[in-house]
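Visitor: Fold the following and give me the result.
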Amino acid sequence: MAEILKNINCPKDLRKLDLEELKQVVQELRKFIIDIVATKEGHLGASLGVVELTVALHYIFNTPEDLLVWDVGHQAYGHKILTGRRDIFDTNRQLNGISGFPKREESEYDTFGVGHSSTSISAALGMAIASNLKAEFEKQHIAVIGDASIASGMAFEGLNHAGVTKANLLVILNDNAIGIDPSVGALKEYLTKARVGYKPARDNIIEALNFQYFGPVDGHDLEGLLKTLKEMKQIKGPKFLHVITRKGKGLKKAEEDQVKYHAPGKFEPTTGELLKYDTNGLPIKYQDVFGLTLVELARKNKKIIGITPAMPTGSSLKFMMKAFPERAFDVGIAEQHAVTLSAGMATQGFVVYCAIYSTFLQRAYDQLIHDVALQNLPVVFCLDRAGLVGEDGATHHGVFDIAYARPIPNLIIAAPRNETELRNLLYTAQLDLKSPMIIRYPRGRGVLKEWELPFKKVEIGKAECLKEGFEIAVLSLGNMAGNVENAIKNLNKTAQEKIAHYDMRFVKPLDKKILNKIFGKFSKIITVEDGVINGGFGSAILEYASNLSYKGDIELLGIPDEFIEQGSVDQLQEIAKINVQGIQQKLESII
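Guide: Sure, this is the predicted structure:
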């Protein structure tokens, strides 16, 4: 049987095929995704689950004239392959390659850039209303959203608005009962009843929002999907299709372990067996330091609560959820709710650790200011994935947290340089903390083999001198301390002796006592951070230096004023010149 997929360069090619040929494309597309992701890594299960739906959408609708919006983008690999990117799909998520998420600059078929969840309905509704204003009444607008994403407040806001418009909008719920972790909440229970054929006695929640509701339908029945979508295309106004799929469809291992195979790393494509890596002797991941330490603290402190918005595995709050299920909460994709829920618990004397990715806290900025900091509630925000995160790219780099958090009154901002420091900050935070606190730490493994040392209280706002010197002072924040240390070691002995190195630990409050000494002793200062330079840690040092009328030179190393795309962390640090070699070159140029 001749291969068909290799001849499909755009959806127009797809629309020339008959049903049996489309079924063959489904099989080939699924295999193509498996074979590439097995070696290049990426998000697997979500895209495998929507292969039939992807083929059906591009077959029935006249994309790119009809506008298709994918939510999050984990599920859009098949879409990318069918829309002209098949031959470069092996560059997915790599430096200078295609993005792991839909991206407007990349293709006219990518109608909206995504990466964070629950944006598709609002975006597609905006497009649909714009089409009406332009008298393009036949144009179709489709939002594909998962059952975890649709539980978000933003998705409900979009549904609520759409229901009172005449927008030609089709919302497709890709319901597989799981996002990255299993979906949670009352809506999930409602959808589960719908999956098994239960019909509410009086009303359907979607119909109550003025949508015409269809489903549930089998998302792996290609012929049925084609028929349903063709019929729905003729219906005007807001409409909603409930599609039941299985995440990981077509790879047995991915179907059986949907959490692990969301983004499994490298695996054997025919069996799905994960490739074994020898991790013996490697440092622990920062997220696991957080998760395990929190359990240890919670055993002794009954007031400790853990909260995460839909990331129990990614943040490692899963350890506390297992040990203390009554004190650990996954609230779903609801960052605003997670922050204010934490604030509410803090008013009642609980010590709340809100585990949330740096880039996701951006979605709850008002709550951080209004509900936590303004009321000076001692919520502890544990910001995982701070700094450059690698292949997920611009939507996921946690590079803005220092700059967006630094202006907020009452807020403490700390960044541990290693696992033991993280452990001690977590310990300190539950010792009668009076104000909210951010503890930011990077994705991936730490630097220490022996990290589980006895707890030590950290003095809030206290920096530490790691190396004495007499000519240049390097002020680092967080894990950048390791890059600075190695950069100094690479210099000749005479140059090494000239350089002092300080781990500042805290962006807020700054250790003004040690800074006064530094300003009095050194005429050349370099700051190093893995956040944006504009408004970040280095800016804080500059501001304080200006207040003291410091006359020396201060240079800031960090993320430049541009969005950094995907690539390995090492590659991206090199671009930003905050890798070991970049810091070394800066020191050599000054010396």
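Visitor: The stretch 351-500 of the chain: helices as residue ranges?
Guide: Ranges of helices in the stretch 351-500 of the chain, per DSSP state H, counting those that start in this stretch, are 358-361, 365-367, 401-405, 419-429, 480-489, 493-498.
Visitor: hmm, who's touching the longest one?
Guide: Contacts of helix 419-429 with the rest of the structure, by CB atoms under 8 Å, 6 or more residues apart in numbering, involve 283-284, 286, 289-290, 293-294, 297, 351, 353, 380, 382, 414, 416, 437, 439, 441, 446-448, 451-453, 455-458, 460, 505. Backbone N, C-alpha and C define where each C-beta goes, glycine included.
Visitor: avg pLDDT for it?
Guide: Averaging pLDDT along helix 419-429 gives 98.
Visitor: mind saving the C-alpha coords of it as PDB?
Guide: Extracted in PDB, the C-alpha atoms of helix 419-429 (Å, rounded to 0.1, in the frame of the first residue of the first chain):
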ATOM      1  CA  GLU A 419      19.000  22.200  46.900                       C
ATOM      2  CA  THR A 420      20.100  22.700  50.500                       C
ATOM      3  CA  GLU A 421      19.400  26.400  50.300                       C
ATOM      4  CA  LEU A 422      15.900  25.600  48.900                       C
ATOM      5  CA  ARG A 423      15.300  23.200  51.700                       C
ATOM      6  CA  ASN A 424      16.300  25.700  54.300                       C
ATOM      7  CA  LEU A 425      14.200  28.500  52.800                       C
ATOM      8  CA  LEU A 426      11.100  26.100  52.900                       C
ATOM      9  CA  TYR A 427      11.900  25.400  56.500                       C
ATOM     10  CA  THR A 428      12.300  29.100  57.400                       C
ATOM     11  CA  ALA A 429       9.000  30.000  55.700                       C
END
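Visitor: In CSV, list the helices of the stretch 351-500 of the chain along with distance to N547 and mean neighbour count.
Guide: Rendered in CSV, the data for those read as follows (distance: least, CB to CB, whole Å; neighbours: other CB atoms under 10 Å):
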stretch, distance to N547, mean neighbour count
helix 358-361, 28, 26
helix 365-367, 27, 16
helix 401-405, 19, 25
helix 419-429, 27, 23
helix 480-489, 24, 21
helix 493-498, 27, 13
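Visitor: For the most centrally placed residue in the chain, list the residues it contacts.
Guide: For the chain, the residue sitting closest to the mean C-alpha position, by CA atoms, centre = their mean, is H396 at 4.5 Å. The contact partners of H396, by CB under 8 Å, 6+ apart, come to G115, Y357, T359, R385, V389.
Visitor: Looking at these, which are in strands?
Guide: Within the contacts of H396, residues falling in strands by DSSP state E are Y357.
Visitor: Widest-spaced pair of the contacts of H396?
Guide: G115 and R385 (12.5 Å; CB to CB).
Visitor: Mind checking which of the two has more residues around it?
Guide: More crowded of G115 and R385, by other CB atoms under 10 Å: R385, with 27 against 19.
Visitor: Surely the more buried one and D401 touch.
Guide: No. At 9.7 Å, R385 and D401 do not qualify as touching, with contact defined as CB atoms under 8 Å.
Visitor: Now the common contact residues for those two.
Guide: Each of S358 lies in contact with both R385 and D401 under the rule CB under 8 Å, 6+ apart.
Visitor: Quick check: phi and psi on L556?
Guide: phi -110, psi 130 (degrees, to the nearest 10).
Visitor: distance of it from K586?
Guide: For L556, the distance to K586 equals 11 Å [CB to CB, to the nearest Å].
Visitor: Overlap of the contact sets of these two?
Guide: Counting by CB under 8 Å, 6+ apart, the contacts common to L556 and K586 are I526.
Visitor: What pLDDT is listed against K260?
Guide: For K260, pLDDT reads 86.
Visitor: actually V72, not the one I typed
Guide: Per-residue pLDDT puts V72 at 84.
Visitor: between the longest strand along the chain and helix 480-489, how big is the angle?
Guide: Longest among the strand segments of the chain by residue count, using DSSP E, is strand 524-532. If you take axes from the mean of the first three to the mean of the last three CA atoms, to 10 degrees, strand 524-532 sits at 140 degrees to helix 480-489.
Visitor: hang on, the earlier thing: return the backbone torsion pair for the residue nearest to the centre of the chain.
Guide: Phi and psi for H396, reported as degrees, to the nearest 10, are phi -120, psi -10.
Visitor: quick one on the thing from earlier: and the longest strand of the chain, what does it pack onto?
Guide: Applying 3 or more CB pairs under 8 Å, 6 or more residues apart in numbering; DSSP states H and E, one finds that strand 524-532 contacts helix 401-405, strand 472-476, helix 480-489, helix 537-547, strand 553-559, helix 580-590.
Visitor: and T271, which of these is closest to it?
Guide: Closest among the helices and strands packed on strand 524-532, using CB to CB: helix 480-489, at 37.9 Å.
Visitor: can you list the residues that contact the closest one?
Guide: The contact list for helix 480-489, computed with CB under 8 Å, 6+ apart, reads 417-418, 447, 466-467, 474, 476, 496, 499, 501, 503, 528-530, 573, 578-581, 583-584, 587.
Visitor: Keeping just the C-alphas, turn the helix or strand bottoming out on mean pLDDT in the chain into CSV.
Guide: When each helix and strand of the chain is scored by mean pLDDT, DSSP states H and E, helix 186-195 comes last, with a mean of 73. Only the C-alpha atoms of helix 186-195 are listed here, as CSV (Å, rounded to 0.1, in the frame of the first residue of the first chain):
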residue,chain,number,x,y,z
ALA,A,186,-17.2,19.2,39.8
LEU,A,187,-17.2,19.8,36.0
LYS,A,188,-15.0,16.8,35.5
GLU,A,189,-17.6,14.7,37.4
TYR,A,190,-20.4,16.2,35.2
LEU,A,191,-18.6,15.3,32.0
THR,A,192,-17.9,11.8,33.3
LYS,A,193,-21.6,11.3,33.7
ALA,A,194,-22.1,12.6,30.1
ARG,A,195,-19.5,10.1,28.9
